[in-house]
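*Asks:* Pasting a predicted model and its sequence here:
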Amino acid sequence: MPLFTGVVPPVVTPLTADFGVDWGSFTRTLEHLIGAGVHGLFVLGSTSEVVFHDEPTRRRIVEHAVKVANGRAPVLVGVIDPTTDRVIGHARIAEAAGADAVVVTAPFYTRTNQAETIDHFRYVRTAIDLPVIAYDIPVCVGMKLERATTVALAREGTIAGLKDSSGDDGNLRYVLQDMRNDAGFFGMTGSEIVVDSCLAMGAHGVVPGLANVDPHGYVRLWTLMQAGDHGGARAEQERLCRLFEMVWVSLGRTSAGSAGVGAFKTAMRRLGIIDSNVMARPQRSLNDDEAARIDVILKATGLID
């Protein structure tokens, strides 16, 4: 069986007004997700604003998440940095803290190719005794993990699975097809809005940022798909698609990253999960008018009265 399946949200990192981690809100976020029945926790990913946190803060985030989870859900840790040796440093910290796996992107800013990217993953895997999950997110790292690259790494045992946030569902399908005879490999989609489709084509799970707002919805969607109730799953997915529209509320005034994570934080604040919707600088937080528009979406999707 694959190591990880199901709903594995990339956990939001709540901040205080002075841009430090709000540990009380972070604890509530983790408990909110675990209580909803998610199948894992992915800390220090893009939704966690990973690159805005320095090394001591990252270390404490991992340690805090592992302590709060306390074995109730596996903790996957993003060890995201531009160069191999810095990634290895983060990976060793995650391993020492008790993480269950590390999540690794291609190098970025550095101008590497597919061959050097394969070496990058090999170096990381050799340095630690944890499963390595490849994270395909070309919009952030400037490189697509090609089908041949992912499959080669999987077949040689360097990576245990793939988190695909490339938006290229066709490529994910081909990887799943190529690896269909390897029972240990898993492929997960990072999409919020085509989860039912990706699960139907063989994906093993989903890593949706929107699950920070509505983890119960994604767990329901997963359960319906596992039961073969595609009609019920489609209805739940379409409700979640309506909820996802919150990510467009501030677009134009904010960047795409700020609009997405900022919307999740704003919704979570409204739901009483976190205290603030502050974003790491220079990202812009959503304002009161935008928060009011998100309230409309939360009401329309049944999350508030």
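*Replies:* Arrived safely. Numbers count the residues shown, from 1 in each chain.

*Asks:* all strands for the stretch 1-150 of the chain, in order.
*Replies:* Along the stretch 1-150 of the chain, counting by DSSP state E, counting those that start in this stretch, strands occupy 6-7, 41-43, 75-78, 101-104, 132-136.

*Asks:* For residue 296, find the nearest of the ones you listed.
*Replies:* Closest of the strands of the stretch 1-150 of the chain to residue 296 is strand 6-7, at 25.8 Å (criterion: Cβ to Cβ). Where you see a C-beta, it was placed from the backbone N, CA and C, and this is true even at glycine.

*Asks:* Show me what that closest one packs onto, helices and strands only.
*Replies:* Applying 3 or more Cβ pairs under 8 Å, 6 or more residues apart in numbering; DSSP states H and E, one finds that strand 6-7 contacts strand 205-206, helix 215-226.

*Asks:* Please repeat the previous calculation with a cut-off of 6 Å.
*Replies:* Judged by 3 or more Cβ pairs under 6 Å, 6 or more residues apart in numbering; DSSP states H and E, strand 6-7 is in contact with helix 215-226.

*Asks:* Could you check the helix it packs on and say which residues are buried?
*Replies:* By 16 or more other Cβ atoms under 10 Å, the buried positions in helix 215-226 come out as 215-225.

*Asks:* and residue 175, what element?
*Replies:* Per DSSP states H and E, residue 175 falls inside helix 169-178.

*Asks:* Can you check what angle separates that helix from strand 132-136?
*Replies:* Counting by axes from the mean of the first three to the mean of the last three Cα atoms, to 10 degrees, helix 169-178 points 150 degrees away from the direction of strand 132-136.

*Asks:* avg pLDDT for helix 169-178?
*Replies:* Over the span of helix 169-178, the pLDDT mean works out to 97.

*Asks:* now that helix, how far from the centre of its chain.
*Replies:* Chain-centre distance of helix 169-178: 19 Å, with Cα atoms, centre = their mean, to the nearest Å.

*Asks:* How about residues contacting it?
*Replies:* Outside helix 169-178, the residues that touch it by Cβ atoms under 6 Å, 6 or more residues apart in numbering are 147, 150-151, 164, 187, 201-202.

*Asks:* hmm, 7 Å instead?
*Replies:* If you take Cβ atoms under 7 Å, 6 or more residues apart in numbering as the criterion, helix 169-178 is touched by 147, 150-151, 162, 164, 187, 189, 194, 198, 201-203.

*Asks:* Now that helix - C-alpha only, PDB.
*Replies:* Taking C-alpha atoms only, helix 169-178 is exported to PDB below (Å, rounded to 0.1, in the frame of the first residue of the first chain):
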ATOM      1  CA  ASP A 169      -3.600  16.800 -14.800                       C
ATOM      2  CA  GLY A 170      -2.700  15.000 -18.100                       C
ATOM      3  CA  ASN A 171       0.900  14.600 -16.900                       C
ATOM      4  CA  LEU A 172      -0.200  13.400 -13.500                       C
ATOM      5  CA  ARG A 173      -2.400  10.800 -15.300                       C
ATOM      6  CA  TYR A 174       0.500   9.500 -17.300                       C
ATOM      7  CA  VAL A 175       2.700   9.300 -14.200                       C
ATOM      8  CA  LEU A 176       0.000   7.300 -12.400                       C
ATOM      9  CA  GLN A 177      -0.400   5.100 -15.400                       C
ATOM     10  CA  ASP A 178       3.400   4.500 -15.600                       C
END
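
*Asks:* Return the most buried member of the strands of the stretch 1-150 of the chain.
*Replies:* Between the strands of the stretch 1-150 of the chain, strand 75-78 has the highest mean count of neighbours, a mean of 29, where neighbours are mean count of other Cβ atoms under 10 Å.

*Asks:* and it, what does it pack onto?
*Replies:* Contact here means 3 or more Cβ pairs under 7 Å, 6 or more residues apart in numbering; DSSP states H and E; on that basis strand 75-78 packs against strand 41-43, helix 55-69, strand 101-104.

*Asks:* on that earlier part again, and residue 85, which of the strands of the stretch 1-150 of the chain is closest to it?
*Replies:* Nearest to residue 85, of all the strands of the stretch 1-150 of the chain, is strand 101-104, at 12.9 Å by Cβ to Cβ.
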